[in-house]
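Participant: no sequence on this one, just coordinates:
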């Protein structure tokens, strides 16, 4: 039996040494995490365990091929999400990509039986020629309002002079749409503009000047939440985690870290009005020290806890012109709010429930509140200090401690990991996850890019889409 269990073992130095009971985190980096392969799933075990073993609610993970790349050089992505408050109506959104940060097209289909069958396939373009360049429109994220029983979709729009994704740092704007039929049609589609006479399409939000800088939903894992545990009048408000490319005192893009880009994080706060639309406000920004994370903090993900506190976990980065040898530690960062998302604590490195800090590459992550009352985090961890975006494996899931909002170390399980035959640049990131209403499992949709190779900076974009079923006890 032991021979079978230990057939394939990969030892990672993942987290720092145990420091339970200490107020300050330690940086010994000498604890070992052992990933055992039983033929279908990976399970994380720590060499140094608690005196009393933690009983995780995660017990098994399976992987299925979901969508096949239609042709060489094309990556296909898939995600499904509910479109009604209680009915098991789903929309499947399939997208295609042949170059970095540019979606070529979408295909949408719809289900009324929890994904057992789909119908009414439709396409949605992402680009059209316009005066001054190419007008891009991306479906970024969505949320279902249980009172309105409608889905609110958040779009990224921008006029890109040369259709270069980096031009979006000056030109992206955020729009929201309200739909009752899963996204086939929209009864409302408007730019998100803060209330007040001083705000306009050109100056939609505090600190955002279209054409000079931008605001955006950073990734599909940056899901909105609707407040339900607040005191006072904040319940029912929709919080959308976003990022801003800030300006310096000369009105130019501010990049003090010398990274690929630089961002602040914040949340948009939407309140339903009598017209059945949303009025918008914006929180104070979460600003990190560029001497500690060269790209600032970006791609935030949110979770509201029963005491009303809201946790934000963000992507950071090392590298860039200010850190060419990747000396800075690569962490995820966190902040929290006690006033419904309007103000936030200074960001700190996110850690585990025993005060140990782990390495994580510059990649998105996602927090999930489950119907069982537990909270889960999905993201990339690393056995060594990352170098910017890499390595983006393994992809793991773990529970979040509701008492201190930290990752419960002994609950961490590997969703997927680089295989020996895959390129070291394979990316188990840019995923999307949700709970299934029937099985209560967590479904994780992921397309591993560059699994076929990345040589001399020439990448093969051919990639299939997979769905992982995380069984929850």
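Facilitator: Arrived safely. None of these values were measured; they are calculated from a predicted model. Numbering: from 1, shown residues only.
Participant: Just give the number of residues close to the closest residue to residue 183 other than its chain neighbours.
Facilitator: Counting by CB to CB, 6 or more residues apart in numbering, residue 183 lies nearest to residue 91, which is 5.4 Å off, once chain neighbours are set aside. (Each C-beta comes from the backbone N, C-alpha and C, glycine too.) Neighbour count of residue 91, defined by other CB atoms under 10 Å: 23.
Participant: Would you check that residue 91 makes contact with residue 106?
Facilitator: No - Residue 91 is not in contact with residue 106 according to CB atoms under 8 Å; the separation is 10.6 Å.
Participant: which residue packs closest to residue 132, ignoring adjacent ones?
Facilitator: Residue 132's closest residue in space is residue 159 (CB to CB, 6+ apart), at 5.7 Å.
Participant: Tell me what the one you found is bridged to.
Facilitator: residue 135 (DSSP bridges).
Participant: Next one, pLDDT for it please.
Facilitator: Looking at residue 159, its pLDDT reads 97.
Participant: That one - how many residues pack around it?
Facilitator: 20.
Participant: same check, this time on residue 232
Facilitator: By other CB under 10 Å, 8 other residues sit near residue 232.
Participant: sorry, back to before: I figured the residue nearest to residue 132 hits residue 128, correct?
Facilitator: No - under the criterion of CB under 8 Å, residue 159 makes no contact with residue 128, lying 10.4 Å away.
Participant: Next, show the common contact partners of those two.
Facilitator: Residues touching both residue 159 and residue 128 (CB atoms under 8 Å, 6 or more residues apart in numbering) are 134, 135.
Participant: what's near enough to touch the nearest residue to residue 404 once chain neighbours are set aside?
Facilitator: In space, and not counting its chain neighbours, residue 404 is closest to residue 353: 6.5 Å by CB to CB, 6+ apart. By CB under 8 Å, 6+ apart, the contact set of residue 353 is 401, 404, 406, 407, 408, 409.
Participant: same question, residue 263
Facilitator: Contact analysis of residue 263 by CB under 8 Å, 6+ apart lists 218, 243, 244, 245, 246, 295, 296, 297, 298.
Participant: Who wins on neighbours among those residues?
Facilitator: Ranked by the number of neighbours (other CB under 10 Å), these place residue 296 first, at 32 neighbours.
Participant: Report the contact partners of it.
Facilitator: Counting by CB under 8 Å, 6+ apart, residue 296 makes contact with 257, 259, 262, 263, 264, 265, 287, 288, 290, 316.
Participant: do the same with residue 95
Facilitator: 76, 77, 78, 103, 104, 105, 106, 107.
Participant: quick one: which of these sit in strands?
Facilitator: Secondary structure defined by DSSP state E assigns 76, 77, 78, 103, 104, 105, 106, 107 of the contacts of residue 95 to strands.
Participant: of the residues you listed, closest to residue 233?
Facilitator: For those, the closest approach to residue 233 (CB to CB) belongs to residue 106, at 36.7 Å.
Participant: picking up where we left off before, next one: the residue nearest to residue 404 from residue 434, what distance?
Facilitator: Counting by CB to CB, to the nearest Å, the separation of residue 353 from residue 434 is 25 Å.
Participant: So residue 238 sits against residue 269, correct?
Facilitator: Yes - here residue 238 reaches residue 269: they are 7.4 Å apart, a contact under CB under 8 Å.
Participant: Where does pLDDT dip in this protein?
Facilitator: Low-confidence segments of the chain (pLDDT under 70): 1-51, 454-458.
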